[in-house]
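Peer 1: Prediction below, plus the sequence it came from.
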Amino acid sequence: MRKLIFVVVAVLMLCSCGEAEKSLTLNVYNWGEYISDGSEGTVNVNEEFEKYCAEELDKEVRVNYTTYASNEDMYNKIKSGSASYDVIIPSDYMIEKMIAEDMLLKLDFNNIPNYEYVNENYKDLFFDPENAYSVPYTYGMVGIIYNEEMVDEEDTGSWELLWNEKYKGQILQFNNPRDAFGTAIYSEGQDVNTTDTTVWKNAAEKLKTQKPLVQSYVMDEIFNKMKNGSAAAAPYYAGDYLTMHDSNESLRFYFPKEGTNVFVDSMCIPACARNKELAEIYINFMLSDDIAIANAEYIAYSSPLDNVRENETYIADMTDWNEEVMEILYPENLGIKTQYFENLEPETLKLQNGLWESLKIENSVEPWVYITSLGIVLLLAAIMLYNYIVKKIRDNY
């Protein structure tokens with residue numbers, strides 16, 4: 001826990017506010033399956049933070065930890081003002097958007113001395129060029145997970161696997177517009193941040209052609225579907241493949257040859273935060289050696305922290321777990337094009353969301369539902385007509 005001692009001074013003000021304010025709740029809002037939670041003998045990071053606050057800061061703290069399935073879900077929840085959070089972990093493009101909309105607070109790095117462990121390659125990035133609002137948590141790339149017992153090897157290597165009619169009803173797709181459109185745009189080797197409306201409309205058409213092949217649109221649901229073999233192929237994050245493979249050794253992974261998304265998820269403090277200093281202490285805690293390694297091993301995503309990446313125990317543990325780990329998490333010389341998602345221009349974002357809504361609504365009801373509904377309507381009409389005729393006959397007598 002190097003450098004944690006330096007944040008003690010920063011919280012003395014919190015500790016001097018009297019017994020009435022001694023107990024604090026830290027509201028953390030994160031992705032599902034994105035923190036070491038104590039399951040299967042792992043470190044429970046939030047409980048460790050509560051212990052740290054009690055033992056080192058003489059402060060009673062409870063971490064209220066909730067999760068979201070997509071950047072858009074998180075954004076909409078905070079934008080609506082229906083809840084208050086102290087720490088959130090958005091992706092790059094969403095951080096850029098939230099900064100532009102004054103939804104994030106600038107960080108006091110005096111409370112985050114462990115920031116020095118962040119690798120220089122993950123500072124000064126496009127979404128936070130002044131390193132004022134965010135601290136990198138993980139990074140990674142999107143690829144395709146497939147079941148080798150259900151998919152022919154000759155069909156792999158490209159995004160086109162997700163459009164292969166051979167696997168109709170066995171394909172999964174992202175249930176959020178940014179990632180789903182990304183698969184279609186990348187498959188054509190185009191720019192996922194373009195303002196060209198033709199590119200977006202063509203991508204929507206491609207997603208429409210895929211829709212009859214898709215078993216379901218998913219986010220966290222992908223874990224069970226791929227682990228239990230109920231789906232053959234899906235686009236998803238490299239780190240999650242490693243977790244799924246642990247439960248199903250028939251699963252395989254590749255980065256599509258046409259190119260793919262690289263992302264950085266970072267810890268931020270939203271403008272609605274009620275405990276900013278405590279949130280900064282939590283962020284610093286997440287960067288400390290033991291906790292950062294525990295998270296990196298549990299999540300199985302790439303770490304932007306030198307104190308993790310250079311740790312021999314971490315490297316040995318991960319390699320023992322899965323020999324593919326280092327190659328997938330820290331690939332070199334991939335030879336494919338990678339892009340970050342950037343915050344889209346308002347008109348482009350509106351177009352994307354409109355096309356997505358149209359896609360999800362179109363033919364969203366199975367044909368048998370229409371046929372059954374029509375049958376019910378005709379039956380009711382026949383009954384009404386019969387009753388009318390019977391009544392007329394009775395009236396005539």
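Peer 2: Now that the structure is in, tell me what you want to look at.
Peer 1: For this protein, give me the ranges with low pLDDT.
Peer 2: For the chain, the stretches with pLDDT under 70 are 1-22, 363-375, 388, 390-397.
Peer 1: Can you spell out the domain ranges of it, please?
Peer 2: Taking automatic domain parsing as the reference, the chain has its domains at 4-134+268-327, 140-262+338-361, 371-397.
Peer 1: can I get these in JSON lines with mean neighbour count?
Peer 2: (C-beta placed from N, C-alpha, C; glycine too.) Shown next, in JSON lines, are the domains of the chain (neighbours: other Cβ atoms under 10 Å):
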{"stretch": "domain 4-134+268-327", "mean neighbour count": "18"}
{"stretch": "domain 140-262+338-361", "mean neighbour count": "18"}
{"stretch": "domain 371-397", "mean neighbour count": "9"}
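Peer 1: Please identify the next secondary structure element, helix or strand, after the top strand by length along the chain.
Peer 2: Using DSSP state E, we find that the single longest strand of the chain is strand 135-147. Downstream of strand 135-147, the next assigned helix or strand under DSSP states H and E is strand 171-174.
Peer 1: Show the secondary-structure elements that that next one is packed against.
Peer 2: Here strand 171-174 is seen to pack against helix 177-187, helix 197-210, strand 214-218, helix 222-227, strand 233-237 when contacts are counted using 3 or more Cβ pairs under 8 Å, 6 or more residues apart in numbering; DSSP states H and E.
Peer 1: Quick one: those as CSV, columns for distance to Ile293 too.
Peer 2: Output for the helices and strands packed on strand 171-174, formatted as CSV (distance: least, Cβ to Cβ, whole Å):
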stretch, distance to Ile293
helix 177-187, 28
helix 197-210, 39
strand 214-218, 30
helix 222-227, 23
strand 233-237, 20
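Peer 1: closest one to Pro331 among the ones you listed?
Peer 2: Closest to Pro331 of the helices and strands packed on strand 171-174 is strand 233-237 (Cβ to Cβ; 13.7 Å).
Peer 1: In the stretch 201-350 of the chain, mark out all the strands, start to finish.
Peer 2: For the stretch 201-350 of the chain, the strands defined by DSSP state E, counting those that start in this stretch occupy 214-218, 233-237, 251-254, 260-267, 338-339.
Peer 1: Let's have these in JSON lines, adding distance to Gly169.
Peer 2: Compiled in JSON lines, the strands of the stretch 201-350 of the chain are given as follows (distance: least, Cβ to Cβ, whole Å):
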{"stretch": "strand 214-218", "distance to Gly169": "5"}
{"stretch": "strand 233-237", "distance to Gly169": "11"}
{"stretch": "strand 251-254", "distance to Gly169": "18"}
{"stretch": "strand 260-267", "distance to Gly169": "25"}
{"stretch": "strand 338-339", "distance to Gly169": "30"}
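Peer 1: In which helix or strand does the nearest residue to Lys201 once chain neighbours are set aside reside?
Peer 2: Nearest non-adjacent residue to Lys201, counting by Cβ to Cβ, 6 or more residues apart in numbering: Leu355, 7.0 Å away. For Leu355, the host element (DSSP H and E) is helix 346-361.
Peer 1: and the angle for that helix with helix 177-187?
Peer 2: Interaxial angle, helix 346-361 versus helix 177-187 (axes from the mean of the first three to the mean of the last three Cα atoms, to 10 degrees): 90 degrees.
Peer 1: For helix 346-361, name the packing helices and strands.
Peer 2: Going by 3+ Cβ pairs under 8 Å, 6+ apart, helix 346-361 lies up against helix 177-187, helix 197-210.
Peer 1: What are the contacting residues of stretch 299-316?
Peer 2: The contact list for stretch 299-316 (Cβ atoms under 8 Å, 6 or more residues apart in numbering) reads 33-36, 117-119, 121-122, 136-140, 237-240, 242-243, 264, 287, 289, 292-293, 296-297, 318, 325-326, 329-330.
Peer 1: Just the ones of these in helices?
Peer 2: Counted as lying in helices by DSSP state H, out of the contacts of stretch 299-316, are 238-240, 242-243, 287, 289, 292-293, 296-297, 318, 325-326, 329.
Peer 1: and of the residues you listed, the nearest to Asn131?
Peer 2: Nearest to Asn131 out of the ones in helices among the contacts of stretch 299-316 is Leu287 (Cβ to Cβ; 13.8 Å).
Peer 1: Just give the nearest non-adjacent residue to the closest one, would you?
Peer 2: Closest residue in space to Leu287, ignoring its immediate chain neighbours: Asn114 at 3.6 Å, by Cβ to Cβ, 6+ apart.
Peer 1: Surely the one you found and Asp290 touch.
Peer 2: No - with contact defined as Cβ atoms under 8 Å, Asn114 does not count as touching Asp290 (11.7 Å).
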